[in-house]
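[1] fold the following for me, if possible:
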Amino acid sequence: MKGTAWRAVAAAELRIMLRNKAVAATVVLLPLFVAFTALASPTPDTVAHSVLFMLLIGVHATLATTLAARRGDLFLKRLRSGADPDASVIVGLVLPAIVVTCGQIVVLIAVLSRTDLSAPDNPALLVLAIVSGALMCTGVAMATSAFTASAEQAQITTMPFLVVAIGGSLLVQDRAPENLQWLGYLVPGDGVVDLVTGAWEGMGVGAAFLALASVTAWTLIGAVLGIRLFRWEPRH
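    The predicted model follows:
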């Protein structure tokens, strides 16, 4: 990665993101509002679904919206025409949303530590869940943006992944028999939820194998789709 180009892009993107009231509300206010509802019922399962929702909104939805908007105003094309590598530009574009969202999750965990909910028994598993979930949402967001003609349209194109990730996990947990609970790992999101929950339950890496495999698989799927489908210019 050449020089500090990604830092300049990230700083510019963060300023643009916070100046846009709609995007700022999406990436800052909405996830925090929903996440802090976990305070009403501070259980590992509630926290896990709050973390997943924050990643889906703060990373996936925000990045799909941002990338579609930057493509539409030809900002991506201008960035790519410079001397900086594509990877440097992409890192700069996605980093602000990831950092802001992960920061929100840290605040949530810190606040919850003041409640009856104890600190996680396996913090490393919690960190792994957050990082892997953010990477998964980033890759899928890049792929989703390829089918998103404008920032406004992102409200529709990001919905399927959000519904499948949240709804699929809840449906399997609530309805599937215990011997079929593994089906949840076939949908994105369930692995993240299990890893976060397992962090409080003291789950070891061995016991978390299926959850880790699920998140890893969806991260790779997102990365491959993101790289193959991502577009720098609007279609004519």
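[2] rest of the way, CA atoms for contacts and neighbours
    Fine.
[3] so how far is residue 110 from the residue nearest to residue 186 when sequence neighbours are not counted?
    Nearest residue to residue 186 in three dimensions, chain neighbours excluded: residue 214, at 6.9 Å (CA to CA, 6 or more residues apart in numbering). Distance, residue 214 to residue 110, by CA to CA, to the nearest Å: 27 Å.
[4] of the two, who's got more company?
    The residue with more neighbours, out of residue 214 and residue 110, is residue 214; 22 against 12, by other CA atoms under 10 Å.
[5] buried stuff in the helix or strand the more buried one falls within?
    Secondary structure assignment for residue 214, by DSSP states H and E: helix 209-229. Neighbour-count burial for helix 209-229 flags 210-212, 214-220, 222-226 (criterion: 16 or more other CA atoms under 10 Å).
[6] how long is stretch 201-211 from one end to the other?
    14 Å.
[7] next secondary structure after the lengthiest helix in the chain?
    If you go by DSSP state H, the chain has its longest helix at helix 86-112. Next helix or strand after helix 86-112 toward the C-terminus (DSSP H and E): helix 123-145.
[8] once you drop chain neighbours, what's closest to residue 203?
    Distances taken as CA to CA, 6+ apart put residue 122 closest to residue 203, at 7.0 Å, once the chain neighbours are dropped.
[9] can you give me the distance of the one you found to residue 147?
    Residue 122 is 39 Å from residue 147, by CA to CA.
[10] just to revisit the earlier point, pull out the buried residues from the longest helix of the chain.
    Buried-residue list, helix 86-112, by 16+ other CA under 10 Å: 86, 88-98, 100-102, 104-105, 108-109, 112.
[11] likewise for stretch 197-212?
    Going by neighbour count (16+ other CA under 10 Å), the buried part of stretch 197-212 is 197-200, 203, 208, 210-212.
[12] need the max-distance pair from these.
    Farthest pair in these (CA to CA) is 200 and 210. Separation: 17.3 Å.
[13] show me where the chain dips below the pLDDT cut-off.
    Within the chain, the stretches with pLDDT under 70 are 1-4, 20-23, 26-28, 31-32, 35-36, 82-83, 169, 171-184, 204-207, 235-236.
[14] 80 - rerun?
    1-6, 16-42, 75-76, 79-86, 112-119, 167-185, 202-208, 234-236 (pLDDT under 80).
[15] which one of the buried residues of helix 209-229 is nearest residue 14?
    Nearest to residue 14 out of the buried residues of helix 209-229 is residue 226 (CA to CA; 21.6 Å).
[16] which among the buried residues of helix 209-229 gets closest to residue 68?
    Using CA to CA, those come closest to residue 68 at residue 226, 13.2 Å.
[17] was I right about that closest one contacting residue 142?
    Yes: checked against CA atoms under 8 Å, the pair residue 226 and residue 142 is within contact range at 4.7 Å.
[18] residues in contact with residue 137?
    Residues in contact with residue 137 (CA atoms under 8 Å, 6 or more residues apart in numbering) are 55-56, 59-60, 219, 222.
[19] report the separation between it and residue 123.
    Taking CA to CA, one finds residue 137 at 21 Å from residue 123.
[20] again, but for residue 227
    From residue 227 to residue 123 the distance is 31 Å (CA to CA).
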